[in-house]
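Enquirer: The amino acid sequence is not available; the structure is as follows:
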């Protein structure tokens with residue numbers, strides 16, 4: 001039987017930090033889900049259409065251009081961080097699941113648990129050891 005991981009090694013957080021982290025995770029997930037729906041595209045197109053219609057009214061002034069530039073820059077800036085957070089959490093969850101599967105399979109090579117945290121050179125070295133194709137698992141023990 002394999003030893004259970006040390007919670008301190010995983011990174012146990014204080015209660016307040018955990019709540020803050022969970023609130024941010026929930027918020028970023030919700031925003032990422034909304035941003036990925038057709039409604040978000042339709043809303044963005046409507047905003048651009050309204051901006052374009054306002055052009056002649058505002059005589060295509062610098063303010064008219066500045067409004068769109070500012071709004072689009074702010075939205076882009078926020079969305080980059082929210083989507084990056086969501087993708088990073090998804091990736092971490094997938095790695096944790098894969099690590100659990102590797103740990104559960106007796107014949108699996110435990111060196112691959114947490115391999116994503118190694119420097120690139122170490123990962124390339126491990127790939128070179130495997131050769132052009134990973135082992136099929138059909139060999140005997």
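Expert: Done, it's in. Only a predicted model underlies this, so the values are computations on that prediction, with no experimental measurement involved. Residues are numbered from 1 along each chain as shown.
Enquirer: For burial, what's the neighbour tally of residue 56?
Expert: Residue 56 has 9 neighbouring residues, counting by other Cβ atoms under 10 Å. Every C-beta, even on glycine, is put in place using the N, C-alpha and C of the backbone.
Enquirer: ugh, wrong one, residue 26
Expert: Neighbour count for residue 26, taken as other Cβ under 10 Å: 10.
Enquirer: Can you give me every residue that contacts it?
Expert: Listed by Cβ atoms under 8 Å, 6 or more residues apart in numbering, the contact set of residue 26 is empty.
Enquirer: Now do residue 132, the pLDDT please.
Expert: Residue-level confidence at residue 132 comes out at 74, pLDDT.
Enquirer: buried residues in stretch 29-39?
Expert: For stretch 29-39, the buried set under the neighbour-count rule, 16 or more other Cβ atoms under 10 Å, comprises 31, 32, 35.
Enquirer: need the helices for this protein, in chain order.
Expert: Counting by DSSP state H, the chain has helices at residues 7-10, 15-35, 38-57, 62-104, 120-130.
Enquirer: With distance to residue 111 as extra columns, can I get those in a markdown table?
Expert: As requested, these are exported to a markdown table (distance: least, Cβ to Cβ, whole Å):
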| stretch | distance to residue 111 |
| --- | --- |
| helix 7-10 | 17 |
| helix 15-35 | 30 |
| helix 38-57 | 43 |
| helix 62-104 | 9 |
| helix 120-130 | 7 |
